[in-house]
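**Student:** Just need the structure, nothing else, for what follows:
(one chain, ligands or ions: 1)
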Amino acid sequence: MKESNFPSVDALNKGFAEQIAALLRDGIAARGKASLIVSGGRTPQGMFAQLSEQTLDWSKVVISLADERWVDATDDASNEKMVREHLLKNKAAEARFVGLKNAAADALQGVAGCVSEFKQIPAPFDVVILGMGEDGHTASLFPCSAQIKQGLDLNYPEPYLAVQPTTAPHWRMSLSLAALLDSRKLFLHLTGEGKKAVLNQALTGTDEFEMPIRAVLQRADVELVWAP
Ligand SMILES: O=C(O)[C@H](O)[C@@H](O)[C@H](O)[C@H](O)COP(=O)(O)O
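**Tutor:** As a prediction, the model looks like this:
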């Protein structure tokens, strides 16, 4: 696994944003458009602010989510809300955003709507940015969920699945592992010693159901981007 270790979170936020922008420019130059799949949570927020200032033809970029909590886009738990606040502003406001929360009453009923929207996102994805929880989940592929076997099944027929974690609130909509791996460049974005320790624990084992991040580490060419 390639590692890009930065001396500080501020340095990571700036340097990583510049690296992502360069990859998006390359995708636009090669194919006339580019796709960026981002994760929610706290880690990416500072980097998003830097990325929003990068100069590129954002009108040719489609941004979507690796996963979403099944809450309204006005809810503080919404990844869409976080992305709109931290990334879809400044120059990046021109990008097209494809959210995962739709009008369906619950995530299980929402899958069909997400699948029908999926064709709007250029694939293979140009850039996928994954995070990781303390339990080794990534996107919403939670080890505690009843849906984890489906989520890690590379033959799972749909790009999205509804997930009910037992260790975190809200039903989720998540890209499947197979969909996440359909990418030209895959990053794992972590900060802090605690997440590094969880990653080291993941690297010392192979059971993907115990720590789903292992499925990414073991099946993909993923670049770690980390700062203390
Ligand atoms: O919806 C989410 O929460 C994310 O997609 C999730 O997979 C996140 O990347 C990790 O939970 C890490 O979250 P933090 O960055 O907040 O630690």
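
**Student:** okay, CA-based contacts and neighbour counts for the rest of this
**Tutor:** Noted.

**Student:** The helix or strand that contains G27 - contacts with which helices or strands?
**Tutor:** Per DSSP states H and E, G27 falls inside helix 9-31. Counting contacts by 3 or more CA pairs under 8 Å, 6 or more residues apart in numbering; DSSP states H and E, helix 9-31 packs against strand 34-38, helix 45-51, strand 127-130, strand 222-227.

**Student:** Can you pull up the residues of this protein that come close to the ligand?
**Tutor:** 39-43, 67-68, 130-133, 138-140 (CA under 6 Å from any ligand atom).

**Student:** mind redoing it with 5 Å?
**Tutor:** Neighbours of the ligand within the chain, by CA under 5 Å from any ligand atom: 39-43, 131-133, 138-139.

**Student:** Any quick PyMOL command for the buried ones out of those residues?
**Tutor:** The following PyMOL line selects those of these that are buried, judged by 16 or more other CA atoms under 10 Å:
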select buried, resi 39+40+41+43+131+132+133+138+139
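
**Student:** Would you mark the buried spots in the helix holding G27?
**Tutor:** Residues 9, 12-18, 20-21, 23-25, 27-28 are the ones in helix 9-31 that count as buried (16+ other CA under 10 Å).

**Student:** per-residue confidence averaged over that helix?
**Tutor:** On average, the pLDDT along helix 9-31 is 98.

**Student:** got the angle for that helix vs strand 222-227?
**Tutor:** Interaxial angle of helix 9-31 relative to strand 222-227 (axes from the mean of the first three to the mean of the last three CA atoms, to 10 degrees): 150 degrees.

**Student:** How far off centre is helix 9-31?
**Tutor:** Relative to the chain's own centre, helix 9-31 is displaced by 15 Å; criterion: CA atoms, centre = their mean, to the nearest Å.

**Student:** List the contacts of it.
**Tutor:** 5-6, 33-36, 46-48, 50-51, 54-57, 60-61, 126-127, 191, 225-228 (CA atoms under 8 Å, 6 or more residues apart in numbering).

**Student:** that older thread, which one of the buried residues of helix 9-31 sits closest to P157?
**Tutor:** Of all those, P157 sits closest to G27, with 26.6 Å by CA to CA.

**Student:** Please, where are all the strands along this structure?
**Tutor:** 2-5, 34-38, 61-65, 67-69, 96-98, 127-130, 160-163, 172-175, 186-191, 222-227 (DSSP state E).

**Student:** closest one to L108 among the ones you listed?
**Tutor:** Comparing the strands of the chain by CA to CA, strand 160-163 comes nearest, at 5.3 Å.

**Student:** Can you list the neighbours in contact with the closest one?
**Tutor:** For strand 160-163, the surrounding residues in contact (CA under 8 Å, 6+ apart) are 107-108, 110-111, 114-115, 140-142, 145-148, 151, 171-176, 179.
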